[in-house]
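>>> Just a sequence and a predicted model for now, questions to come.
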Amino acid sequence: MNPHFVELRDLKVAFDGVTVLHGIDLTVGPGEALGLVGESGCGKSVTWLAALGLLPGKASVTGSVKVDGREICGGSRSVLEGVRGGRIAMIFQDPSSSLNPVLRIGRQITEALTLHRGLSGEAAKAEALRLMDMVGIPDARRRFDLYSHEFSGGQCQRLMIAMALAGQPDLLIADEPTTALDATIQAQILDLLIQLRAETGMATVFISHDLGAVSQVCDRVCVMYAGRIVEQGSIEQLFSEPRHPYTRGLFDAIPRIDGPRNRLIPIPGTVPNPKHLSAGCAFAPRCAHAEDACGWQRPALEHQDDGRRLACFNPVAAARSAPARQMMLEDV
Ligand SMILES: Nc1ncnc2c1ncn2[C@@H]1O[C@H](COP(=O)(O)OP(=O)(O)OP(=O)(O)O)[C@@H](O)[C@H]1O
């Protein structure tokens, strides 16, 4: 079996001549759950929209995207459509933008089953009901003929997941799937993603601002900043000992209700405009660890002895103290 179900190499994206993704290298193994975190505008969504050929025509995409060893970057529409929804499915933050408001829910799921698995008639209906049941829609048979507005926000997200599962994907990309939901429903959707991965063995890419959610769902995490990966490692590595000052900053900015009131330390400044990036590290203007060289030289993303990848000339050296580390893992 191919060790990498998906392999992105030097993936670059530009819009109208402005580069927003600067050569992403990452892999997702079969059945693995990979988290992608970073502030808004860092390129998390664009990475996967580019990989799946879903960016608008004005986007220039270069590099390599291999799915099960087969190159799909720049592939024909039929190649990309074969991958999307079949081998790889993607769900988004706002299910209402993906569900068709004038088509009954059951019909939308059976259409996905016809498209991806050639099922029709009673077989498609039976499978659609099974999927609705699997994602936790109560009384699926009675609700099969309802429209999306007759379901709650959390149920619409469950229905989106059911549609995504229709093609029996090897990889589900969940782009901020819980951001629009309230806290209890968020927790239920996270549980569902964990349960579905365990039941089906599909890999998951989980894109989120929420480090706590990422730690629950994922095995490995990539931290992105200004269109680049700045640190990548196992959940345990990055949570117990973040080395990139940006990763550390993301952790320090998590509000904690049981911590001291002054514990929350927001990262100063804002994500840079991709039009105005310097030759140095993009995080340097916000970084308390920055040295002179960081302003004009960019650190490469390099493998470290402990297996993580890191792009920083002056990383956070000290490990967190054991109690602080324990608190962090308990809090999220
Ligand atoms: N269709 C587009 N046209 C022009 N620029 C775009 C387009 N889509 C994304 N961008 C730009 O690409 C960069 C990366 O955006 P992206 O949506 O990937 O960020 P993100 O990390 O997913 O943020 P968020 O968490 O807010 O979704 C941003 O600077 C954004 O403005």
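It's in.
>>> which residues are there in this protein that come within reach of the ligand?
Taking C-beta under 6 Å from any ligand atom as the contact definition, the chain meets the ligand at F15, V20, G38, S40, G41, C42, G43, K44, S45, V46, P56, P274. Quick note: C-beta positions are derived from backbone N, CA and C, even for glycine.
>>> Count the residues that sit near the closest residue to the last one other than its chain neighbours.
Sequence neighbours aside, V20 is the residue nearest to P274 in space, at 4.7 Å (criterion: C-beta to C-beta, 6 or more residues apart in numbering). The number of residues packed around V20, counting by other C-beta atoms under 10 Å, is 20.
>>> My read is that V20 contacts M224, right?
No. The pair V20 / M224 is not scored as a contact, 11.1 Å apart, by C-beta atoms under 8 Å.
>>> so H22 sits right up against V230, yeah?
No. Shown here, H22 and V230 do not form a contact pair, counting by C-beta under 8 Å, at 11.2 Å.
>>> Compare these two (neighbour count), which wins?
The residue with more neighbours, out of H22 and V230, is V230; 25 against 19, by other C-beta under 10 Å.
>>> Could you work out the end-to-end span of stretch 53-61 for me?
9 Å (C-alpha to C-alpha, to the nearest Å).
>>> could you give me the average pLDDT of that stretch?
Stretch 53-61 shows an average pLDDT of 91 in the prediction.
>>> Mind telling me which residue of the stretch 201-332 of the chain is nearest the ligand?
With C-beta to the nearest ligand atom, the shortest gap between the stretch 201-332 of the chain and the ligand falls at P274, namely 4.9 Å.
>>> Can you point out the buried residues in whichever helix in the chain runs longest?
Counting residues, the longest helix found in the chain (DSSP state H) is helix 183-200. Residues of helix 183-200 classed as buried by neighbour count (16 or more other C-beta atoms under 10 Å): I185, Q186, I189, L190, L192, L193, L196, R197.
>>> before we move on, what about stretch 306-320?
Here stretch 306-320 shows R308, R309, L310, A311, C312, F313, N314, P315, V316, R320 as buried, counting by 16+ other C-beta under 10 Å.
>>> List phi and psi for the nearest residue to L99 once chain neighbours are set aside.
Once flanking residues are discounted, L99 sits nearest to S148: 4.1 Å by C-beta to C-beta, 6+ apart. Here is the backbone geometry of S148 (degrees, to the nearest 10): phi -60, psi -30.
>>> before we move on, what about I24?
Here is the backbone geometry of I24 (degrees, to the nearest 10): phi -90, psi 130.
>>> And for the closest residue to it other than its chain neighbours, the neighbour number?
Excluding the flanking residues, the one nearest I24 by C-beta to C-beta, 6+ apart is L11, at 4.3 Å. A total of 23 residues lie near L11 under the criterion other C-beta under 10 Å.
>>> Quick check: phi and psi on the residue nearest the centre of the chain?
By C-alpha atoms, centre = their mean, the mean C-alpha position of the chain lies nearest to I207, the distance being 2.2 Å. Torsion angles at I207 (phi, psi; degrees, to the nearest 10) stand at phi -100, psi 120.
>>> G154 reaches D191, doesn't it?
No. Contact criterion C-beta under 8 Å: G154 and D191 do not qualify, at 11.6 Å.
>>> State whether A128 is indeed within a strand.
No. Looking at A128 with DSSP: H, G, I helix; E, B strand; the rest coil, it is helix, so not inside a strand.
>>> Show the contacting residues for it.
Neighbouring residues of A128 by C-beta atoms under 8 Å, 6 or more residues apart in numbering: G106, I109, T110, L113, F144, A162, A166.
>>> for L36, same thing?
So, once contact is read as C-beta under 8 Å, 6+ apart, L36 ends up touching K44, T47, V205, F206, I207, S208, V221, C222, M224.
>>> and the angle for the host helix or strand of it with helix 183-200?
Per DSSP states H and E, L36 falls inside strand 33-37. Using axes from the mean of the first three to the mean of the last three C-alpha atoms, to 10 degrees, the direction of strand 33-37 lies 140 degrees away from that of helix 183-200.
>>> Give the pairing partners of strand 33-37; include direction for each.
strand 203-207 (parallel), strand 220-225 (parallel) (DSSP bridges).
>>> can I get the ones you listed in CSV with mean pLDDT and distance to I72?
Shown next, in CSV, are these (pLDDT from 0 to 100; distance: least, C-beta to C-beta, whole Å):
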stretch, mean pLDDT, distance to I72
strand 203-207, 96, 16
strand 220-225, 96, 20
